[in-house]
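Engineer: Next input, structure requested:
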Amino acid sequence: RTLSYVEVAPDDGTDFDACKRPRFYQTVSGRRVIDTFHDVRVTGLQPGVKYRYRIMSKAVINDDSAYHTDYTEQVQLPVAGESAVVTLDPKAKSCSFSMLNDMHANDDKFRTLAEGRNSENMGFVVFAGDMMSYINNPDDMVDHVYGPVPELVANVPTFYTRGNHETRGKYAYLFQKYNPTNSGDTYFVLRHGPVAMVVLDAGEDKPDDNKEYSGAVDFDLFRQQQVEWLEKVVKDPMFAKAPMKVAVMHIPAISSERSWYGEKRANEMLVPILNKAGVDIMLSGHYHHHVYIEKGTCGNKFPILANDNVSRLDFYTEGKGYQLRIYDMEGKLTHSYDVEK
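Structural biologist: Next up is the predicted model:
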């Protein structure tokens with residue numbers, strides 16, 4: 001158990017220790033949290049600004065007394081070192097991001113596909129679900145998502161779309177603790193430059209009463225709650241007035257004779273709202289092979305692209321259309337889409 005904080009400073013070359021910098025702790029009603037896990041929220045940052053940060057921590061030796069706690073010496077955690085990240089900026093002229101999905105805890109594949117991606121060539125990164133096959137250990141998320149490429153996640157804003165496999169395992173409930181959002185749930189919205197992105201969660205791929213779930217899920221209710229949230233958020237000017245609107249959801253919202261329950265429910269419940277909101281494209285994974293669904297195929301007024309499990313998707317726009325480039329494990333361009341608006 002530790003008492004830890006995040007220290008933040010502008011990227012101005014000054015020494016952290018030489019100047020007093022804001023320190024951010026996890027607090028509950030005024031009390032700083034001492035625990036093995038810390039969810040620290042940093043406030044007061046300006047959009048489009050590069051900030052350095054470091055994580056400081058000291059372990060508890062003894063806190064049996066209500067009036068005194070003994071600690072070890074304070075240390076800087078080596079996970080991120082002294083890193084820097086550029087905040088999202090709604091007024092940026094362009095938006096670029098990379099998307100990875102369906103790694104299923106294959107750390108070597110993850111490292112290969114992420115190689116060369118950094119804050120210089122993209123604004124943020126999206127993990128579009130099934131980065132693991134299940135969460136059976138509290139450290140799985142660190143070991144297989146944030147651990148394999150720390151140089152990426154420490155320096156680039158990272159957003160995680162829950163896949164159906166992250167709903168599995170005895171510690172699946174920890175997903176949201178590792179990936180807090182502005183909505184307080186696994187669906188959320190963000191804005192960077194001309195792009196408003198709504199990140200959705202289709203839940204599981206089979207009905208709630210499927211024997212695999214042992215009576216422990218209620219995704220029908222979850223989807224309905226998400227519908228109510230989505231109907232409101234797409235009307236927010238931050239989303240509604242964006243030149244480019246992107247939806248991301250692990251399970252594609254496709255309805256066909258071969259579609260499973262989760263796909264059909266997402267198509268039935270979410271696509272009408274996304275159509276009305278003017279979404280330009282949905283990006284997904286799940287299938288483990290490349291699929292491109294033209295608009296109008298299943299009630300969708302936007303194309304749906306499912307990325308495979310051995311490729312990285314790169315997205316770029318200046319607001320008048322978008323470019324999609326998909327690269328395989330060897331860095332070869334396998335699919336390319338240029339769409340004008």
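
Engineer: buried stuff in the biggest helix by length in the chain?
Structural biologist: The single longest helix within the chain, with elements called by DSSP state H, is helix 219-233. Residues of helix 219-233 classed as buried by neighbour count (16 or more other CB atoms under 10 Å): 219, 222, 223, 226, 229, 230, 233. Using the backbone N, CA and C atoms, a C-beta is placed for each residue, glycine as well.

Engineer: got it, and stretch 196-214?
Structural biologist: For stretch 196-214, using 16+ other CB under 10 Å, the buried residues are 196-206, 208, 213.

Engineer: ditto for stretch 324-331
Structural biologist: 324, 325, 326, 327.

Engineer: now swap in stretch 55-66 and tell me
Structural biologist: 55, 56, 58, 59.

Engineer: Just the mean pLDDT for the helix or strand harbouring the first one, thanks.
Structural biologist: If I follow you right, that is residue 55. Using DSSP states H and E, residue 55 sits within strand 50-62. Averaged over strand 50-62, pLDDT sits at 94.

Engineer: same question, stretch 73-89
Structural biologist: Rounded mean pLDDT across stretch 73-89 is 85.

Engineer: Stretch 146-161 now?
Structural biologist: Mean predicted confidence for stretch 146-161 is 94.

Engineer: what sits up against it?
Structural biologist: 79-81, 83-88, 101, 107, 110-111, 114, 117-119, 122-129, 131, 145, 178-179, 186, 188, 190, 197, 199-201, 248-250 (CB atoms under 8 Å, 6 or more residues apart in numbering).

Engineer: Could you work out the end-to-end span of that stretch for me?
Structural biologist: End-to-end distance for stretch 146-161, by CA to CA, to the nearest Å: 14 Å.

Engineer: So which bits of it are buried?
Structural biologist: Residues 146, 148-149, 152-161 are the ones in stretch 146-161 that count as buried (16+ other CB under 10 Å).

Engineer: Can you give the distance from stretch 104-123 to the centre of its chain?
Structural biologist: 14 Å (CA atoms, centre = their mean, to the nearest Å).

Engineer: Report the buried residues of that stretch.
Structural biologist: 104, 105, 106, 109, 110, 112, 113, 114, 117, 119, 122, 123.

Engineer: Just the C-alphas of it, formatted as PDB.
Structural biologist: Extracted C-alpha coordinates of stretch 104-123, given in PDB (Å, rounded to 0.1, in the frame of the first residue of the first chain):
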ATOM      1  CA  HIS A 104      -5.700 -11.300 -26.900                       C
ATOM      2  CA  ALA A 105      -2.700 -10.800 -24.700                       C
ATOM      3  CA  ASN A 106      -0.200 -11.500 -27.500                       C
ATOM      4  CA  ASP A 107       2.400  -9.000 -26.300                       C
ATOM      5  CA  ASP A 108       4.800  -9.600 -29.200                       C
ATOM      6  CA  LYS A 109       2.100  -8.900 -31.800                       C
ATOM      7  CA  PHE A 110       1.100  -5.800 -29.900                       C
ATOM      8  CA  ARG A 111       4.700  -4.500 -29.700                       C
ATOM      9  CA  THR A 112       5.200  -5.100 -33.500                       C
ATOM     10  CA  LEU A 113       2.000  -3.300 -34.600                       C
ATOM     11  CA  ALA A 114       2.600  -0.400 -32.200                       C
ATOM     12  CA  GLU A 115       6.300   0.100 -33.200                       C
ATOM     13  CA  GLY A 116       7.000   3.600 -34.400                       C
ATOM     14  CA  ARG A 117       3.800   5.200 -33.200                       C
ATOM     15  CA  ASN A 118       4.300   8.200 -31.000                       C
ATOM     16  CA  SER A 119       3.100  11.700 -30.200                       C
ATOM     17  CA  GLU A 120       4.800  13.000 -33.300                       C
ATOM     18  CA  ASN A 121       2.700  11.000 -35.800                       C
ATOM     19  CA  MET A 122      -0.700  10.800 -34.000                       C
ATOM     20  CA  GLY A 123      -2.900  12.600 -31.500                       C
END
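
Engineer: circling back to that earlier point, any chance of the buried residues of stretch 324-331 in CSV, with secondary structure, distance to residue 4 and pLDDT too?
Structural biologist: Converted to CSV, those look like this (DSSP: H, G, I helix; E, B strand; the rest coil; distance: CB to CB, whole Å; pLDDT from 0 to 100):
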residue, secondary structure, distance to residue 4, pLDDT
324, strand, 39, 98
325, strand, 39, 98
326, strand, 39, 98
327, strand, 37, 98
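
Engineer: just for the protein, where's the confidence low?
Structural biologist: Along the chain, segments meeting pLDDT under 70 span 79-82.

Engineer: which residues in the stretch 1-150 of the chain form strands?
Structural biologist: 2-10, 23-24, 27-28, 31-32, 34-35, 50-62, 70-71, 75-76, 83-86, 95-100, 124-127 (DSSP state E, counting those that start in this stretch).
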